[in-house]
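J.: whatever this is, show me its structure:
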Amino acid sequence: MRSYDVIVVGGGHAGLEAALAPARMGLRVLMVNFCLETVGQMSCNPAIGGVGKGQLVREIDCLGGEMGLAADRTGIQFRQLNASKGQAVRSSRAQCDRERYRSYMQGVIRAQAALEFMPAEVVEVLVENGRAAGVRTAAGERIGAPTVIITAGTFLNGRMHVGPRIIPGGRIDDPASVSLARSLEGLGFVLRNFKTGTPPRLDKNTIDFSRCARQDSDERILPFSLRTPGISPEQTLLPCWVTATNEETHRIIRDNFHLSPMYSGQIDATGVRYCPSIEDKLKKFSEKPSHQVFLEPDGVETDVVYPNGISTGLPEHVQESFVRTIPGLEKAAFLRYGYSIEHAVIHAEELTHGLESRRIGGLFFAGQVNGTTGYEEAGAQGIVAGINAALRVKGEAPFHLRRDEAYAGVLIDDLITKGTNEPYRMFTSRVEYRLLVREDNTDRRLADHAFRLGLMDDPLHAAIQKKYDRIGRTIQRMEEKVLRPSEISPVLSAAGSSAASRALSVAEVLRRPEISLSMLVRFEEGLRDLSDEECAAVEYEVKYEGFIDRQRKEVEKFRHLENIKVPAEIDYTGIPGLSFEVRQKLGHIRPVTLAQAERISGVTPAAISILMVYLRKYFLERERAGA
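T.: Take a look at the predicted model:
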């Protein structure tokens with residue numbers, strides 16, 4: 001029997017990162033997917049990033065992943081969302097060439113040392129003595145490995161719906177993983193169904209773009225990847241376009257609600273709240289007279305346009321009717337119809353922070369199989385699962401990210417402590433420490449982790465350290481350098497800021513709302529030696545110092561709870577004072593720290609106090625017994 005250190009089942013966004021990470025950590029990895037041609041496929045919209053998602057892409061990149069590099073290399077439009085708002089909520093997004101993205105990722109898989117690809121269907125997870133032992137393929141071949149990562153995406157029991165028509169599969173022209181779903185159920189996993197969907201694809205030659213608003217790339221572009229020196233201007237020439245639905249569009253859809261799989265009773269699954277189908281939008285936001293539709297090109301050398309915003313499972317003839325009421329799309333030709341898809345997911349509360357099953361050691365899950373939606377959420381889980389699979393093989397301690405150091409930490413912590421009753425999508429609003437966890441300081445937060453894990457090389461790690469040394473020294477000089485009122489008054493007056501009644505440090509001047517860093521270059525020569533990105537970091541750290549310090553204190557306030565470990569063998573039924581519900585939830589999720597226990601839905605502050613007292617007594621008794 002062939003054997004590997006890690007087997008990854010699936011070749012989507014989670015599978016790619018899950019396979020590359022352990023291979024780059026020196027282990028032998030096998031990726032198994034139906035075929036190589038669909039590895040790296042962007043099943044839905046041809047874009048990477050977005051609000052709350054751009055942060056995830058940068059985190060994947062900093063940990064040695066590939067998604068950010070792929071977006072930089074294959075992007076055809078780049079924008080920073082929320083650019084008019086504070087740095088904490090700004091997120092990057094790249095429109096990508098769908099075919100080039102897929103081709104790029106397949107090239108990476110072929111070139112990666114210690115990573116093999118196998119075209120096959122996995123139908124069973126092999127388990128021995130309660131631990132993962134490998135997989136069995138549909139051809140009957142058994143392949144051994146002490147760790148297996150399931151990244152089945154929408155393929156696990158996948159079914160596509162176009163009106164009343166049901167097509168088995170995880171994506172158009174691709175089969176579903178039915179036997180694998182049965183194997184997981186046989187191992188004790190309880191599966192449930194979630195629903196997602198995709199819009200039709202349109203022929204750009206039949207769209208009247210003169211009736212739509214043009215949307216171009218930003219002039220100044222920051223790449224996703226630390227390893228990308230810059231974005232070529234030729235990559236920013238292709239625009240997107242914006243149009244909108246109207247009352248006639250809505251009338252046609254409402255008249256045909258009974259034909260929608262979601263409302264006819266055909267689908268009994270929970271859909272995506274924050275990226276709903278057009279039918280869902282009309283049900284949930286019935287007061288809105290229109291909804292935006294973003295016409296996104298699939299690539300440079302294709303006529304395919306992706307109309308983002310009108311995902312639907314309505315029958316083909318209804319899709320044609322309502323789409324052609326939208327300005328610019330009156331004569332649109334359909335290249336593919338939209339469809340809804342329901343697929344099986346596990347209960348992520350069964351996993352550890354490293355995304356390993358508590359039920360079966362060495363078995364990991366990542367991506368939509370855990371109840372998430374989106375390429376970026378999948379990729380972030382994939383790299384964390386891949387890293388932890390490698391660490392398990394090496395016999396090293398698990399790796400997990402805290403909520404105060406990464407969006408990926410929030411994503412995973414939410415999944416395993418709170419669970420999700422609908423497809424989970426990342427937003428900046430989910431991140432309570434977003435002043436500390438920003439796109440612009442990802443390298444500061446995660447570089448040391450990546451370097452320690454062997455996923456970042458010495459030169460890049462050293463360059464990041466020097467960057468933040470420069471930023472820190474500049475801020476210190478600005479705090480120390482004092483300006484007389486006469487020196488600073490011309491700048492204050494020109495900016496419309498009140499006059500200085502006393503001497504002020506350069507940093508104090510910058511903290512005034514009317515003052516920008518560019519106005520103070522003459523007073524701090526070191527700013528001329530910093531890059532635009534470094535200057536932006538200096539300005540943010542100085543201007544928002546009070547808010548940032550307050551948030552750091554909040555982190556420290558709760559950090560002690562992270563340091564209080566909860567032994568795995570604790571019997572919650574024997575702790576007096578805990579309600580039945582709290583005992584059930586603690587026993588099911590098995591938190592590893594008191595902080596994680598606090599975040600479990602339904603676990604009250606009173607229950608945490610009871611648990612804290614119990615743990616003190618527990619550890620004291622163990623200490624006495626040991627003595």
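J.: what's the burial count for residue 479?
T.: In terms of burial, residue 479 registers 14 neighbours under the definition other CB atoms under 10 Å. C-beta here means a position set from N, CA and C on the backbone, and glycine is covered the same way.
J.: test my guess that it contacts residue 509.
T.: No - the criterion here is CB atoms under 8 Å, and residue 479 misses it with residue 509 at 11.2 Å.
J.: shared neighbours, those two?
T.: By CB atoms under 8 Å, 6 or more residues apart in numbering, residue 479 and residue 509 have no common neighbours.
J.: report the separation between the two terminal residues of stretch 363-376.
T.: 22 Å (CA to CA, to the nearest Å).
J.: repeat that for stretch 260-269.
T.: With CA to CA, one end of stretch 260-269 sits 13 Å from the other.
J.: same question for stretch 169-181.
T.: End-to-end for stretch 169-181, by CA to CA: 13 Å.
J.: can you give me the buried ones in that stretch?
T.: 169-171, 174, 176-178, 180-181 (16 or more other CB atoms under 10 Å).
J.: mind putting those residues into a markdown table with pLDDT and secondary structure?
T.: A markdown table is the format used below for these (pLDDT from 0 to 100; DSSP: H, G, I helix; E, B strand; the rest coil):
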| residue | pLDDT | secondary structure |
| --- | --- | --- |
| 169 | 93 | coil |
| 170 | 89 | coil |
| 171 | 90 | strand |
| 174 | 91 | strand |
| 176 | 94 | coil |
| 177 | 95 | strand |
| 178 | 96 | helix |
| 180 | 98 | helix |
| 181 | 97 | helix |
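J.: may I have stretch 458-465 as CSV, with CA atoms only?
T.: Output of stretch 458-465 as CSV, limited to C-alpha atoms (Å, rounded to 0.1, in the frame of the first residue of the first chain):
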residue,chain,number,x,y,z
ASP,A,458,15.1,34.4,6.2
PRO,A,459,15.4,37.4,3.8
LEU,A,460,11.7,38.2,3.8
HIS,A,461,11.5,37.8,7.6
ALA,A,462,14.5,40.1,8.1
ALA,A,463,13.0,42.7,5.7
ILE,A,464,9.7,42.7,7.7
GLN,A,465,11.6,43.2,11.0
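J.: what secondary structure does the residue of the chain most remote from its centre sit in?
T.: Distance from the centre of the chain peaks at residue 486, with 50.3 Å (CA atoms, centre = their mean). Here residue 486 is helix, with the state taken from DSSP: H, G, I helix; E, B strand; the rest coil.
J.: and it, how far from residue 517?
T.: 22 Å (CB to CB, to the nearest Å).
J.: quote the end-to-end distance of stretch 416-423.
T.: Span of stretch 416-423 from end to end, CA to CA: 14 Å.
J.: got the buried residues for it?
T.: 416-420, 423.
J.: farthest pair within the residues you listed?
T.: 417 and 423 (17.7 Å; CB to CB).
J.: look at the nearest residue to residue 252 once chain neighbours are set aside and give its secondary structure.
T.: Residue nearest to residue 252 in three dimensions, not counting chain neighbours: residue 322, with 4.3 Å by CB to CB, 6 or more residues apart in numbering. Following three-state DSSP, residue 322 is assigned to helix.
J.: with residue 498 instead?
T.: Per three-state DSSP, residue 498 ends up coil.
J.: one more: residue 476?
T.: helix.
J.: what's the answer for residue 307, then?
T.: Residue 307 ends up strand, using three-state DSSP.
J.: contacts only, for it.
T.: Counted by CB under 8 Å, 6+ apart, residue 307 has contacts 199-200, 202, 293-296, 323, 329.
J.: 10 Å instead?
T.: Residues in contact with residue 307 (CB atoms under 10 Å, 6 or more residues apart in numbering) are 45, 199-202, 207, 241, 243, 278, 293-296, 323, 326, 328-329, 332, 338.
J.: same check, this time on residue 288
T.: Residue 288 neighbours (CB under 10 Å, 6+ apart): 245, 250, 281-282.
J.: quick one: buried ones out of those?
T.: Among the contacts of residue 288, those buried by neighbour count (16+ other CB under 10 Å) are 245, 250, 281-282.
J.: can you put those residues in TSV and add secondary structure?
T.: Formatted as TSV, the buried ones among the contacts of residue 288 follow (three-state DSSP):
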residue	secondary structure
245	coil
250	helix
281	helix
282	helix
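J.: out of those residues, who's nearest residue 454?
T.: residue 281 (45.7 Å).
J.: secondary structure element holding the closest residue to residue 567 other than its chain neighbours?
T.: Ranked by CB to CB, 6+ apart and with sequence neighbours excluded, the top spatial neighbour of residue 567 is residue 618, at 7.4 Å. Per DSSP states H and E: residue 618 is located in helix 605-626.
J.: send the alpha carbons of that helix over as PDB?
T.: Below are the C-alpha coordinates for helix 605-626, written out as PDB (Å, rounded to 0.1, in the frame of the first residue of the first chain):
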ATOM      1  CA  PRO A 605     -20.600  34.800  33.000                       C
ATOM      2  CA  ALA A 606     -21.900  33.100  36.100                       C
ATOM      3  CA  ALA A 607     -21.100  29.700  34.600                       C
ATOM      4  CA  ILE A 608     -17.500  30.900  33.800                       C
ATOM      5  CA  SER A 609     -17.100  32.000  37.400                       C
ATOM      6  CA  ILE A 610     -18.300  28.600  38.600                       C
ATOM      7  CA  LEU A 611     -15.900  26.900  36.200                       C
ATOM      8  CA  MET A 612     -13.000  29.100  37.300                       C
ATOM      9  CA  VAL A 613     -13.500  28.200  41.000                       C
ATOM     10  CA  TYR A 614     -13.800  24.500  40.100                       C
ATOM     11  CA  LEU A 615     -10.600  24.600  38.000                       C
ATOM     12  CA  ARG A 616      -8.700  26.200  40.800                       C
ATOM     13  CA  LYS A 617      -9.800  23.400  43.200                       C
ATOM     14  CA  TYR A 618      -9.100  20.800  40.500                       C
ATOM     15  CA  PHE A 619      -5.500  22.000  39.900                       C
ATOM     16  CA  LEU A 620      -4.800  22.300  43.600                       C
ATOM     17  CA  GLU A 621      -6.000  18.800  44.200                       C
ATOM     18  CA  ARG A 622      -3.800  17.500  41.400                       C
ATOM     19  CA  GLU A 623      -0.800  19.400  42.700                       C
ATOM     20  CA  ARG A 624      -1.300  17.900  46.200                       C
ATOM     21  CA  ALA A 625      -1.700  14.400  44.700                       C
ATOM     22  CA  GLY A 626       1.500  14.800  42.700                       C
END
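J.: good, we can wrap up now.
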